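>>> Compute the structure for the input listed below.
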Amino acid sequence: MPEIKRVEEIMIPLNKYPHIPYWFTLRQTIAEMEKSELDINGRKSLPRVVLVFDEKYRLMGTVRRRDIMRGLEPEFLSSPSQQQSKWFNIQVDPNLMELSFDKVVIGIRERAERPVSEVMLPIVRTIDAGDHLMKVIYEMVSNDLSLVPVTREGRVIGVIRSVDVFHEIATLIL
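As a prediction, the model looks like this:
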């Protein structure tokens, strides 16, 4: 029967996982994500999350693809304020975007210059490199996480993704 692995045996080392400084723009973050391809045991994938660090290399947060997309939405397409909703009781029709495609593109390009720190998410949990797979499963399920930063002596040394945890579970079961 296979032995349950520790986090450090499954994690992706930090030097192989995309990470950026908090002052990067959304455009720079997109470029980093687009050029990053992970090769884990012959299985290739694109990162869905990027780690965000401060100038002293302390982990500040993460940014997901959907956080970036939300941050790119031009203000004129954003949901109306609650006050406007009360007055007009309207909702933005996504089909209207086709009518002003050029305006939307200009708005997106302008918003792409915002710093990633404006849309990043704070770190909810980290996990120690020496912890068992079962602790990672607990943290991911309990906190609805698909990626958890891995630390050793308080420093981030890598990440562990739910897809890799799932693969380890499959190896134990199948």
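>>> okay, CA-based contacts and neighbour counts for the rest of this
Fine.
>>> Going along the chain, name the strands of this structure.
Taking DSSP state E, the strands of the chain run over residues 12-13, 19-21, 38-40, 43-45, 49-53, 59-64, 121-122, 127-128, 147-152, 155-161.
>>> Could you tell me which residues make contact with residue 169?
For residue 169, no contacting residues are found, by Cα atoms under 8 Å, 6 or more residues apart in numbering.
>>> That one and residue 125, how far apart?
According to Cα to Cα, to the nearest Å, residue 169 stands 21 Å off from residue 125.
>>> And for residue 40?
23 Å.
>>> and what of residue 22?
19 Å.
>>> The two - which one has more neighbours?
residue 22 (21 against 13; other Cα atoms under 10 Å).
>>> Surely residue 6 touches residue 135?
No - counting by Cα atoms under 8 Å, residue 6 does not reach residue 135; the two are 9.3 Å apart.
>>> who has more neighbours, these two?
Neighbour tally, residue 6 and residue 135, criterion other Cα under 10 Å: the higher count belongs to residue 6, 17 against 14.
>>> Contacts only, for the residue nearest to that one when sequence neighbours are not counted.
Nearest residue to residue 6, sequence neighbours excluded (Cα to Cα, 6 or more residues apart in numbering): residue 132, at 4.3 Å. Going by Cα under 8 Å, 6+ apart, residue 132 touches 4-7.
>>> how about the residues you listed, which pair is most distant?
Taking Cα to Cα, the two most distant members of those are 4 and 7; they sit 9.8 Å apart.
>>> shared neighbours of these two, anything?
The contact lists of residue 4 and residue 7 share 132-133, where a contact means Cα under 8 Å, 6+ apart.
>>> Tell me which of those two has more neighbours.
Legend: neighbour count by other Cα under 10 Å for residue 4 and residue 7, higher for residue 7 (24 against 12).
>>> ok, and the closest non-adjacent residue to residue 37?
Nearest-residue entry for residue 37: residue 46, 4.9 Å, with adjacent residues in sequence omitted and distances by Cα to Cα, 6+ apart.
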